[in-house]
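Asker: quick one, what's the 3D model for this:
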Amino acid sequence: MTTYTPETLRRLEHYYSLRPGLYDFGPRTQEGWVYYISSGRFVKIGSALNPLTRIRILQNGSALPLSLLLIEPDFKGRTQERVRHRQFRPFRKHGEWFGYEGRLQTFIEEGMSRTRSILGY
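Answerer: This next block holds a predicted model:
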C-alpha cells in the first residue's frame, strides 16, 4: 500500500498537472483530491483539499482504524467525486460509504498499482 505524505501529494499534483486530459476534463485546475478511505469492508469516497488532514479528522470520530487507500485529482465543483459516487452506486451502503467489493475493489486496487508506478515504488 502507498503511504501518503505531503511530499507524495506534491509529486502526484505535479504528475497530474502535466496530464490535464488524463481525466477527460480538459485544462481545468485541480482543486483537491477524491479520497478512498477504508474501514474494514467499507470504503468512504469523499473529497478534500488535503486528504491527510481529512483522514486524521475522520479517524478521531471512528471506532475502527482507517486507511487511506487511494487519491485521485478532483476539479472545481467536486466533479470527480460525483462521477465516482454514480459509478459505484450499486455498492453504496450508507451516505458516502460503499462496500469494498466488485468493480469498486478492482478500481481501487488498479489505482493503487498505478500510483505506485507513478511514484516509482
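
Asker: quick one: low-confidence ranges for this protein?
Answerer: Within the chain, the ranges that satisfy pLDDT under 70 run 1-2, 18-30, 76-78.

Asker: ok, Tyr100 touching Phe42?
Answerer: Yes - in this structure, Tyr100 is within contact of Phe42 by Cβ atoms under 8 Å, at 6.2 Å. Placement of C-beta: from N, CA and C, glycine included.

Asker: higher neighbour count, those two?
Answerer: Neighbour count, other Cβ atoms under 10 Å: between Tyr100 and Phe42, Tyr100 has more, with 19 against 16.

Asker: where along the chain do the strands fall?
Answerer: Ranges of strands in the chain, per DSSP state E, are 30-39, 42-48, 67-75, 92-94, 97-99.

Asker: now the helices for this protein?
Answerer: Per DSSP state H, the chain carries helices over the ranges 6-17, 51-60, 79-87, 102-119.

Asker: could you export these as a markdown table, including distance to Glu31?
Answerer: Converted to a markdown table, the helices of the chain look like this (distance: least, Cβ to Cβ, whole Å):
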| stretch | distance to Glu31 |
| --- | --- |
| helix 6-17 | 11 |
| helix 51-60 | 13 |
| helix 79-87 | 9 |
| helix 102-119 | 19 |
